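1. next input, structure requested:
(chains A, B, C and D)
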Protein chains: 4
Amino acid sequence: MDELEIDAVAEVELDDPVLVEGLPGVGHVGTLAVEHLLEELEGESTLVRRVYSREFPPQVSIENGVSELTCAEVYAVDVPDGRDLLLLTGDHQAQSNAGHYTLTDAFLDIAAAFGATEVYALGGVPTGELIDEYAVVGAVSDESLLEGLEDAGVEFRDDEPAGGIVGVSGLLLGLGERRGFDAACLMGETSGYLVDPKSARSVLEVLADILGFDLDYESLDERADEMEDVIGKIQEMEQQQSMDVPTDDDLRYIG
Amino acid sequence: MDELEIDAVAEVELDDPVLVEGLPGVGHVGTLAVEHLLEELEGESTLVRRVYSREFPPQVSIENGVSELTCAEVYAVDVPDGRDLLLLTGDHQAQSNAGHYTLTDAFLDIAAAFGATEVYALGGVPTGELIDEYAVVGAVSDESLLEGLEDAGVEFRDDEPAGGIVGVSGLLLGLGERRGFDAACLMGETSGYLVDPKSARSVLEVLADILGFDLDYESLDERADEMEDVIGKIQEMEQQQSMDVPTDDDLRYIG
Amino acid sequence: MDELEIDAVAEVELDDPVLVEGLPGVGHVGTLAVEHLLEELEGESTLVRRVYSREFPPQVSIENGVSELTCAEVYAVDVPDGRDLLLLTGDHQAQSNAGHYTLTDAFLDIAAAFGATEVYALGGVPTGELIDEYAVVGAVSDESLLEGLEDAGVEFRDDEPAGGIVGVSGLLLGLGERRGFDAACLMGETSGYLVDPKSARSVLEVLADILGFDLDYESLDERADEMEDVIGKIQEMEQQQSMDVPTDDDLRYIG
Amino acid sequence: MDELEIDAVAEVELDDPVLVEGLPGVGHVGTLAVEHLLEELEGESTLVRRVYSREFPPQVSIENGVSELTCAEVYAVDVPDGRDLLLLTGDHQAQSNAGHYTLTDAFLDIAAAFGATEVYALGGVPTGELIDEYAVVGAVSDESLLEGLEDAGVEFRDDEPAGGIVGVSGLLLGLGERRGFDAACLMGETSGYLVDPKSARSVLEVLADILGFDLDYESLDERADEMEDVIGKIQEMEQQQSMDVPTDDDLRYIG
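-> All right, here's what the predicted structure looks like:
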């Protein structure tokens, strides 16, 4: 295994696509958002690239008894009524500091190969407590991008995110800027304690607005309702001071 | 010391051999299993390769006052009434993430050099408690391999192993698949607390069935009996709430 | 991103400049000192180099919604009545041992490119307690440099700094010496608990003396006064045993 | 700074010298022993090599205000009535696993350059308690070396050292063997809690016997007496249950 091995699984012609990143992070917001896009746009999506690397954890995941080596996946989406997309998803981030740089450069290489010049990194910004409203906080690689996002409802706050943006999402802005991309990070507010479908929906609504497509959110809303039930149960259990072991269903949304 | 140094200790002609891996892991199941194979098949076994690497811990083990630099060993076994084997064993795993990739590629290189196209990674899957029955849980690199293993009694479970398979065993499947090998991981259930000869026996019974050879399990059974005695003593001691220091014999099976 | 990427932002002719380093360290003394120099000498300063590296943490900082990739910055300062300066500043140190060597060599390369042969690393030496007087402790790359610094009031103490000097400041002396630079480390005494403007002032007074320029310290003194207020408040709060959460203003000087 | 930079400080003709290693380890036994040899044989010793590396911690030590970059030193000793020596000493070990391999290969390169074919790694083996008699436990790279060392009083014990020998001392045996050296590790028993001059003396007595030279041990004995005083005081203080802070003198032997 070299430092990077990129499998070209298929080739698709896209028109000025936008790279949308959803690797694991706070509240799994980015991952949920990109997975929802893949569900809703399944008919128009084609897996085009798999990225393997010694920078990924040395392991395989198992599904139905069959192994799959850790990788990141890129799907090309020929969106009928909106911008074409390159959706980047995966189960793991790089395991070393330098590895984040290596992988982000690889993702930007793939984006460039498909003619993309715009990048959206999706993630969450933790509030530390359960919330009712889900603002979307933003960061951009260049100030010329601020206005367009503000018009779409993105909030730019002086003191957020505290400590900047770490990992691939941050580097897509940092390295993207150096390589001539327009990059933005959209972060849905989330408690940080749970996988958060409501936060993912907030982010997707902004993205759909910006990129000009319509999305159905029913399945995300269902997951959000289930999460509400789980939170409610946990709060009850804590009040009763008896900790029954949550069922498998209960556990499905606890990241 | 280069990243890898592979000593060719001897050359042996094998016929379509199977690589069987037993590096240290949960319950030392894989290690015990491969060591037992080496004991039982001593007459037909030849040490063919030693693998040294800066990825191994920087240390020597001492036996009878003489040092031995950390390495992995490969034995060629010309099995009279079954498939030829390449047995991979060692005392340590790689010490870094990238190191696991490096070493697994080296082991697959050796397998390819001897004409092997099949790999069995042996290990344990922890149950978290002492058990009476020892099922063998499986994972494969390709779905075409499922049926043959199910026929041999291997169980494929939806939720196991949780978190996938980490380290060389997992990468033998992941990298093996990319390099054209048929790979399977056989994991004996084990508590995870102790070195487990019974679990190793379960795994060997499945492997012997698949590869078509007969094994004697007497020495493994003896070690299993001794382990039972130790477990019994520990349970007694805990009940009496007096912790005498276990003797050397007692300690021999506590990993 | 290569191991190192050095952006030449501008070119400035300097006359026998001195490299002055102020990367983050104990009490942020070095950083405060160099930032103060940049404030006071703003009219004569030009950003000449940005150093990016996979050795820096993989993140971006955000200011006014716009991202900035982790880097170190070098400013050329054409000082009217004193030695020309190359001011080195940044928010982060290297994240690995070898990375410190890589980055320090890069900083010395830049210094050499501008014709510098002298280096001053600025930092703090922790006393472990709040202090009233701020001595400046020194270390040099060669004994011929001792006398000049002693004349400027720098103290050389047998047992300080205990454990030597770690990181870029230490390596500027160690690698600087091997590469033909005259290097010195000036360390202001500081408690180690707080960002310390008084310590930074002490160090700057010595440096200004050595390099022959005049500095105004008003803004540093203001910050020092604010810090005094904060320390006073904290001491009061501890005495009352009631821990109100400090306001944002209170927190501004707690490194 | 490259991965390795070896400064040739001087050249000395030696006759079939023996490399003796005393880098920091258990009880600082090896370091004390080699430092004592350098003291006693000062007139015949010449610093020949300094080894710098990005594998060493990125720091400088300070002595009399002057910095010294972390390195290992090799002294050539033209011993009048015994085997010529190459004495290897330093304040730090490598900071990474692979780094130990890199540095050990560098030390063996230097040994080979001076025509050495024999290596003695000096260290301590911890007993976990204060002891009265100081046996010297051994390990060798080849069984042919056992008898000679047994004749000199070295003990070879089945279960020691438990866990093998880690770091440069172990790799001098492991890599030394692969590169054609005869290597032995001599480990003085020591509590492991303190810097141990008595253990260092035991090891030196064996080494002097093997290599055929006479040593004076007066200064080591003085340090041992001081250590006895310190241990006595600590035991008194513990008994009185009053922990006065030990003076500087008391602390000098608490590694």
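
2. do stretch A:42-58 and chain B meet?
-> Yes: Stretch A:42-58 reaches chain B (Cβ under 8 Å from any Cβ of the partner chain) through A:Tyr52, A:Arg54, A:Glu55, A:Phe56, A:Pro57, A:Pro58. The way it works is simple: take the backbone N, C-alpha and C, and place the C-beta from them, glycine included.

3. the closest residue to the first one other than its chain neighbours and A:Arg50, how far apart?
-> The one in question is A:Tyr52. Residue nearest to A:Tyr52 in three dimensions, not counting chain neighbours: A:Glu5, with 4.4 Å by Cβ to Cβ, 6 or more residues apart in numbering or on different chains. Here A:Glu5 is placed at a distance of 9 Å from A:Arg50 (Cβ to Cβ, to the nearest Å).

4. what do these two both touch?
-> Here A:Glu5 and A:Arg50 share no contacting residue, scored by Cβ atoms under 8 Å, 6 or more residues apart in numbering or on different chains.

5. count the neighbours of the residue in the stretch 101-250 of chain A positioned nearest to chain C for me.
-> The stretch 101-250 of chain A approaches chain C most closely through A:Gly174 (3.1 Å), counting by Cβ to the nearest Cβ. Using other Cβ atoms under 10 Å in any protein chain shown, A:Gly174 has 28 neighbouring residues.

6. quickly find the element holding it.
-> helix A:168-178 (DSSP states H and E).

7. in that helix, what counts as buried?
-> A:Val168, A:Ser169, A:Gly170, A:Leu171, A:Leu172, A:Leu173, A:Gly174, A:Leu175, A:Gly176, A:Glu177 (16 or more other Cβ atoms under 10 Å in any protein chain shown).

8. check the offset of that helix from the chain's centre.
-> Chain-centre distance of helix A:168-178: 15 Å, with Cα atoms, centre = their mean, to the nearest Å.

9. next secondary structure after it?
-> strand A:182-190.

10. from the chain's centre, how far out does that next one sit?
-> Counting by Cα atoms, centre = their mean, strand A:182-190 is centred 9 Å from the centre of its parent chain.

11. what average pLDDT does the very next helix or strand once past it get?
-> Using DSSP H and E, the helix or strand that directly follows strand A:182-190 along the chain is helix A:197-211. Mean per-residue pLDDT for helix A:197-211: 95.

12. which residues sit against stretch A:111-120?
-> Applying Cβ under 8 Å, 6+ apart, the external contacts of stretch A:111-120 come out as A:12, A:14-21, A:48, A:76, A:86, A:108, A:172-173, A:176, A:179-186, A:207, A:210.

13. point me to the residue of the stretch 1-150 of chain A nearest chain D.
-> Closest contact between the stretch 1-150 of chain A and chain D, by Cβ to the nearest Cβ, is at A:Ser96 (12.5 Å).

14. does that residue touch A:Pro57 like I think?
-> No: the criterion here is Cβ atoms under 8 Å, and A:Ser96 misses it with A:Pro57 at 10.5 Å.

15. hey, what's in contact with both of those two?
-> Jointly contacting A:Ser96 and A:Pro57 under the rule Cβ under 8 Å, 6+ apart are B:Asn97.

16. which residues of the stretch 101-250 of chain A lie near chain C?
-> Residues of the stretch 101-250 of chain A lying near chain C (Cβ under 8 Å from any Cβ): A:101-102, A:104-105, A:138-143, A:146, A:156, A:158, A:160-161, A:163-168, A:170-171, A:173-175, A:177-178, A:183, A:185.

17. among these, which ones are buried?
-> Buried members of these, scored by 16+ other Cβ under 10 Å, are A:101-102, A:104-105, A:138-141, A:146, A:156, A:160-161, A:164-168, A:170-171, A:173-175, A:177, A:183, A:185.

18. and the longest helix anywhere in chain A, how far out from the chain's middle?
-> For chain A, the helix with the greatest residue count under DSSP state H is helix A:218-240. Counting by Cα atoms, centre = their mean, helix A:218-240 is centred 22 Å from the centre of its parent chain.

19. and stretch A:87-104, by the same measure?
-> The chain centroid and the centroid of stretch A:87-104 are separated by 13 Å, computed with Cα atoms, centre = their mean.

20. is it up against chain B anywhere?
-> Yes: applying Cβ under 8 Å from any Cβ, one finds stretch A:87-104 touching chain B at A:Gln95, A:Ser96.

21. compute the first-to-last residue distance for that stretch.
-> Chord length of stretch A:87-104, first to last residue, is 14 Å (Cα to Cα, to the nearest Å).

22. what pLDDT, on average, does that stretch get?
-> On average, stretch A:87-104 scores 96.

23. go through it and flag the buried ones.
-> Counting neighbours by 16+ other Cβ under 10 Å, stretch A:87-104 gives A:87-91, A:93-104 as buried.

24. next: stretch A:142-153.
-> Using 16+ other Cβ under 10 Å as the test for burial, stretch A:142-153 gives A:Leu145, A:Leu146, A:Leu149, A:Ala152.

25. figure out the length between the terminal residues of it.
-> Stretch A:142-153 stretches 18 Å from its first residue to its last (Cα to Cα).

26. what mean pLDDT does that stretch get?
-> Mean per-residue pLDDT for stretch A:142-153: 96.
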